[in-house]
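# Any chance you can model this:
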Amino acid sequence: MSVCIYDISHCSEQEYIRIMHAMNVHQDGITIMTPRTRNTVLRIKSVDTRAALILKQEALSSGAEAAVSAQVMNLHSGTTDVLLMGRHDTLMEVTEKCRRQPFGLPRISDAVACCLKRRISAPIPYNGGVLDYSEHPLIMGILNCTPDSFYDGGKYPDTESLVAHGMNLVAAGADIIDIGGASSRPGADDISAEEEIRRVVPVIENITKNCTVPISIDTMKAKVARAAVAAGASIINDISALYHDPAMARVAAETHSPVILMHMKGTPQTMQKSPNYTDVVDEIALFLSNAASHALQAGIARDRIILDPGIGFGKTVQQNYTLLRNTPVFKSLGFPLLIGVSNKSLIGAVLNTPVHKRTAGTMVLNALSLCGGADIIRTHDVQAAQDTIALVDAYTTVDISHKYE
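Model prediction:
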């Protein structure tokens with residue numbers, strides 16, 4: 001069984017206190033450990049209480065700290081989450097000590113060490129090239145081959161106009177074109193695989209004849225994914241994270257296609273009917289970690305897995321903003337991270353703007369996502385996304401300490 005671990009070093013002191021209360025950490029322990037959260041903080045899910053006790057002892061002996069449930073200190077059996085906190089070097093020392101311990105600690109040690117090293121970006125290989133996001137984030141341009149998408153449904157009614165729009169996205173600087181034949185807006189009706197194929201395959205074939213930009217197929221159906229890859233698509237973007245269609249993981253593995261695994265609560269038909277979570281960040285991080293493990297077990301290579309927390313897919317407005325504030329959590333799972341907020345209702349709900357007047361709001365949220373570690377942004381407006389990336393790059397890297405004349 002895989003270890004679910006992620007970095008929550010970006011959280012506020014109040015958020016750490018809330019998390020420790022939820023973990024049932026003793027109040028005296030919360031008071032003592034809260035100042036230690038100013039260092040690196042890793043959250044490890046569902047640790048055997050025996051392992052958690054040893055982990056805490058080894059952390060203390062190395063100058064680090066570990067918050068665990070009070071049941072651990074009472075020697076109760078079961079599992080507990082662990083907040084492991086300390087300087088980078090002391091946490092690495094803890095991992096070395098725990099590699100010699102029982103109760104799954106060698107596996108936990110490997111996961112901690114891996115999490116501490118996840119700031120390195122590795123290219124994503126696909127059939128025909130690699131997607132390198134180490135120098136700058138990538139832009140995924142949206143091309144909807146649907147009459148009922150929430151933003152541009154019916155705007156491009158035939159193959160010719162769709163191909164022309166796709167080429168415009170390429171010319172504007174898109175690194176990926178995401179083509180979908182079935183709307184995933186809240187309440188959208190499902191359609192047959194045959195209808196999806198009829199909509200997307202001619203567009204994919206025509207675009208791939210004219211450019212080398214990789215195409216992703218946005219579908220939950222294995223039959224559609226296989227037809228799209230045969231037509232020239234290189235990436236499978238599955239909003240069900242390979243769970244909707246049992247054959248989808250096999251298609252991805254057999255075609256060596258990178259996969260985008262997204263979290264969605266329910267289906268497009270049901271996802272916005274009272275989406276409830278005990279802890280939205282924790283539950284979605286665990287889901288994505290398990291989805292990645294499922295993909296790996298199906299034979300999909302680690303460097304071909306991309307994660308997406310699914311902004312707007314079975315979340316309230318408040319939950320969506322909570323997820324965006326916690327982008328570093330999803331980034332720390334160890335895979336490239338895609339964020340898609342383009343023109344969605346979480347923007348309209350705050351600004352009270354209709355769908356076609358949300359570009360500025362989209363780019364503000366894209367900028368915040370990029371600052372939180374997003375590697376790919378999915379957008380309708382590629383040129384605006386290019387400008388956003390340039391400004392974020394200037395904000396984070398350009399030396400402006402000198403005076404301008």
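# pLDDT below threshold where in the stretch 1-150 of the chain?
The stretch 1-150 of the chain contains residues with pLDDT under 70 at 1, 118-121, 148-150.
# which residues sit in contact with the residue nearest the centre of the chain?
Nearest to the mean C-alpha position of the chain, counting by CA atoms, centre = their mean, stands Asp308 at 3.0 Å. By CB atoms under 8 Å, 6 or more residues apart in numbering, the residues touching Asp308 are 260-263, 337-340. For glycine as for every other residue, the C-beta is placed from the backbone atoms N, C-alpha and C.
# in the stretch 201-350 of the chain, which spans are helices?
Along the stretch 201-350 of the chain, counting by DSSP state H, counting those that start in this stretch, helices occupy 222-231, 248-255, 280-297, 317-325, 327-331, 345-351.
# hey, C-alpha coordinates of stretch 364-381 in PDB?
What follows is stretch 364-381, C-alpha atoms only, in PDB (Å, rounded to 0.1, in the frame of the first residue of the first chain):
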ATOM      1  CA  VAL A 364      -5.800  36.700 -11.300                       C
ATOM      2  CA  LEU A 365      -6.500  33.100 -10.100                       C
ATOM      3  CA  ASN A 366      -4.100  31.700 -12.700                       C
ATOM      4  CA  ALA A 367      -1.400  34.000 -11.300                       C
ATOM      5  CA  LEU A 368      -2.100  32.800  -7.700                       C
ATOM      6  CA  SER A 369      -2.100  29.200  -8.900                       C
ATOM      7  CA  LEU A 370       1.300  29.700 -10.600                       C
ATOM      8  CA  CYS A 371       2.700  31.300  -7.400                       C
ATOM      9  CA  GLY A 372       1.500  28.200  -5.500                       C
ATOM     10  CA  GLY A 373       3.300  25.800  -7.800                       C
ATOM     11  CA  ALA A 374       1.000  25.000 -10.700                       C
ATOM     12  CA  ASP A 375       2.800  23.600 -13.800                       C
ATOM     13  CA  ILE A 376       0.000  23.800 -16.300                       C
ATOM     14  CA  ILE A 377      -2.900  26.200 -16.600                       C
ATOM     15  CA  ARG A 378      -5.900  25.200 -18.700                       C
ATOM     16  CA  THR A 379      -7.500  28.200 -20.300                       C
ATOM     17  CA  HIS A 380      -9.800  29.500 -23.000                       C
ATOM     18  CA  ASP A 381      -7.600  32.600 -23.600                       C
END
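# now that stretch: mean pLDDT?
What stretch 364-381 shows for mean pLDDT is 95.
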